[in-house]
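> Please work out how this folds:
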Amino acid sequence: MLNFRSRIALVALTATAGVVPNAKADILAFISRTVPSVGGAGPFITLPLNDTNATFLPFTTTQANQKVAITFNAECKVQDGGYVTVVINVDGKPTDPKSGNNFAFCSTNSGNTAEPIAVVRQAFTTVTTVGSHQAAVTATGVNGPAHWQLDDTSLLVQN
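Model prediction:
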C-alpha cells in the first residue's frame with residue numbers, strides 16, 4: 001500500500017507523463033543571405049534568400065499532412081515612418097498566423113530614425129502532400145515608409 005506522499009508523487013508523475021510530449025524538431029532546409037534587401041511602400045516583393053538571389057527554399061516532406069515550422073530571421077530597419085511586414089509562404093500560400101500586412105516585423109523608432117534591430121518571425125503550416133515544396137518570404141512597407149532594409153537573413157524549415 002502506498003503512503004500519502006507516494007500517492008501524490010505517483011499522481012504528479014502520471015499527470016506530467018501524459019502532458020509532456022517527446023519534443024524533436026528535424027531541420028528540413030536552411031538558407032541564409034548576407035546581402036541587404038531593400039524596399040518601400042507598395043506591393044509585396046519576394047525576398048531573395050541567399051547571396052545568389054534564390055527566391056525560394058526547397059524542402060521535402062515524407063508524410064501527408066506533415067506539420068512544419070518556419071522561422072525567418074533578419075536585421076531590420078525602417079526610415080521615415082511606418083513598418084515592414086513579412087509573410088512566409090509555402091507553395092505560394094500564406095502560413096499561419098495569416099496576417100497579410102497586419103504584422104509589424106519592425107518599425108521606425110520614436111525618433112523616426114533607422115536603427116537596425118534583430119527580429120524573428122515564426123510561422124506554421126500543415127503540408128498536405130508528400131514530396132517537394134517551396135518556402136518563400138514576401139515583404140512590404142506599411143503606413144508610408146520611404147525605405148526599409150532587411151539584412152543578414154535566414155530561413156529555417158523544421159518538422
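> Which residues are in contact with the residue nearest to residue 158 when sequence neighbours are not counted?
Spatial nearest neighbour of residue 158, chain neighbours left out: residue 25 (4.4 Å); criterion: Cβ to Cβ, 6 or more residues apart in numbering. Yep, even glycine has a C-beta here, placed from its N, CA and C like the rest. Neighbouring residues of residue 25 by Cβ atoms under 8 Å, 6 or more residues apart in numbering: 69, 158, 159.
> Tell me how many other residues crowd the last one.
To tie it back to what came earlier, the one meant is residue 159. Look at residue 159: counted by other Cβ atoms under 10 Å, it has 16 neighbours.
> Residue 70 is in contact with that one, correct?
No: Residue 159 is beyond contact range of residue 70, at 10.3 Å (criterion: Cβ atoms under 8 Å).
> quick one: residue 28 from residue 134, how far?
Computed as Cβ to Cβ, to the nearest Å, the residue 28 to residue 134 distance reads 12 Å.
> Spit out the residues that contact those two alike.
Counting by Cβ under 8 Å, 6+ apart, the contacts common to residue 28 and residue 134 are residue 59.
> in the chain, which spans are strands?
27-33, 37-39, 45-46, 57-61, 66-79, 83-90, 93-94, 106-107, 117-127, 131-142, 147-158 (DSSP state E).
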